[in-house]
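J.: structure for the following, please:
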Amino acid sequence: MKSNLWGLTALTIIALGSYLGKMSRVIAQQALYLAYPPNNHETTAEQIFFIGTASSDGEVLINDQLIKRSQGGHFAPSFPLKVGANQFILRYKKEKIKIIVNRVSTVTNISPGIAFLENSLFPKQNISRLLGEPVCFSAMAPPKAQVSVKINNLITPLFPEDITFYLPDNSAVFIDKNQPIKSNFTKYRGCISFAKIGQIGKPIFNFIVNKKNLSQLGSGTIEILSPNQLENIQVTADLGVARTGPSNDYSRLTPLPKGTIAGITGKQGDWLRLDYGGWIKENETRSLGISSPPKNLIKSIQSQVNEEAINREHPIFVIRQFNKVQAIREEASRIGLNVYPPSINSDI
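T.: Sure thing, here's the model as predicted:
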């Protein structure tokens, strides 16, 4: 793999388009802007790439190293990572951005047949699911083991998946490390539904192999939510970043404007699952407490005719996440609106 800081592949350059479009809109308000990675980002990759921009009339340094930039001021260098926390300081004139990137090791010192693979037990964080919704558990253990999980006096078997290769994070494409990763461990997975609302507790994982029995307490607590008493939140960020899953590795959905109200149907760590299916970071919202699901009311309609189309405005009582409009049907006495799931807008 090329080691120079500007050595991006053609695929990477194409993928940067979505980021560069955003950066061009913020450059007027902020002289130094970093689009990726976010602070406290976690990755298993050996390198990390930086995507950002700054005014072209100056120099950008990362950890005191001068960075090559395009004529428009954009940059996309990559840096090696050591296992653990890596600190990077970006400087442009008097501006400074400090971030931490954590590299998680994929190598374990535990020999197969003795213990679970380190950091492989799921859930790793506290999670919340709806009453009756399957709660799934997984673990990486030696092949041909008998694996189970015990929680709330229920024992559920975890079954092996016939997969020996695993895909890296989406961001691996930028550093030519997007090939499948082979593992000497087997992934075991199983699900169970709970009929009890409230805190269920932490799971205990167990496996038996070669007449050896090992148990390990999971780190995530399970909570079951009542579908009739959901907490509502309101988006406080100017544009809330919604994703298809509870981490930055999942694709982006249509951004949620400030003021959007939605119900919470699940939680995972500091991510919230909203009632329309998207996930958002908790720090981009504020809680409105437990109340009835938010409803919308269209109070008036305004129309404006121009040469190309008729623009219609439909003021609503509550800002909600609307799905992508596919078609509008207009008849003499009514207007019909067809909506479909939100369009996916990938980071890469």
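
J.: give me the below-cutoff pLDDT ranges for the stretch 101-250 of the chain.
T.: Along the stretch 101-250 of the chain, the parts satisfying pLDDT under 70 run over 106-114, 164-178.

J.: now the strands for it?
T.: Remark: strands assigned in the stretch 101-250 of the chain by DSSP state E, counting those that start in this stretch are 127-130, 135-141, 146-151, 154-160, 165-166, 181-182, 186-192, 198-201, 204-209, 212-217, 222-225, 231-235, 239-240, 242-243.

J.: what's the closest of those to Arg286?
T.: Of all those, strand 231-235 sits nearest to Arg286, with 5.5 Å by CB to CB. (Each C-beta comes from the backbone N, C-alpha and C, glycine too.)

J.: helices or strands next to the closest one in the packing?
T.: strand 261-268, strand 285-290 (3 or more CB pairs under 8 Å, 6 or more residues apart in numbering; DSSP states H and E).

J.: closest to Glu223 out of these?
T.: strand 261-268 (7.5 Å).

J.: that older thread, which of the helices and strands packed on strand 231-235 is buried the deepest?
T.: strand 261-268 (a mean of 21; mean count of other CB atoms under 10 Å).

J.: helices or strands next to that one in the packing?
T.: Partner elements for strand 261-268 (3+ CB pairs under 8 Å, 6+ apart): strand 127-130, strand 222-225, strand 231-235, strand 271-274.

J.: picking that back up, out of the strands of the stretch 101-250 of the chain, which gets nearest to Thr43?
T.: Of all the strands of the stretch 101-250 of the chain, strand 181-182 comes closest under CB to CB, at 12.9 Å.

J.: helices of the chain, start to end?
T.: 10-15, 17-26 (DSSP state H).

J.: the nearest residue to Lys187 once chain neighbours are set aside: neighbour count?
T.: In this structure, Lys187 finds its nearest non-sequential neighbour in Glu161, 4.8 Å apart by CB to CB, 6 or more residues apart in numbering. Using other CB atoms under 10 Å, Glu161 has 11 other residues around it.

J.: quick one, what contacts Glu161?
T.: Residues counted as contacts of Glu161 (CB atoms under 8 Å, 6 or more residues apart in numbering) are 186-189.

J.: ok, Gly245 next?
T.: Per CB under 8 Å, 6+ apart, neighbours of Gly245: Trp279.

J.: can you tell me how far the closest residue to Glu231 other than its chain neighbours sits from Thr254?
T.: Of all residues not flanking Glu231 in the chain, Ile264 sits nearest, at 4.7 Å (CB to CB, 6+ apart). Applying CB to CB, to the nearest Å, the value for Ile264 to Thr254 is 19 Å.

J.: format the contacts of Glu161 as TSV; extra columns: distance to Ala54 and neighbour count.
T.: Below are the contacts of Glu161 laid out as TSV (distance: CB to CB, whole Å; neighbours: other CB atoms under 10 Å):
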residue	distance to Ala54	neighbour count
Thr186	47	20
Lys187	43	21
Tyr188	48	24
Arg189	45	14
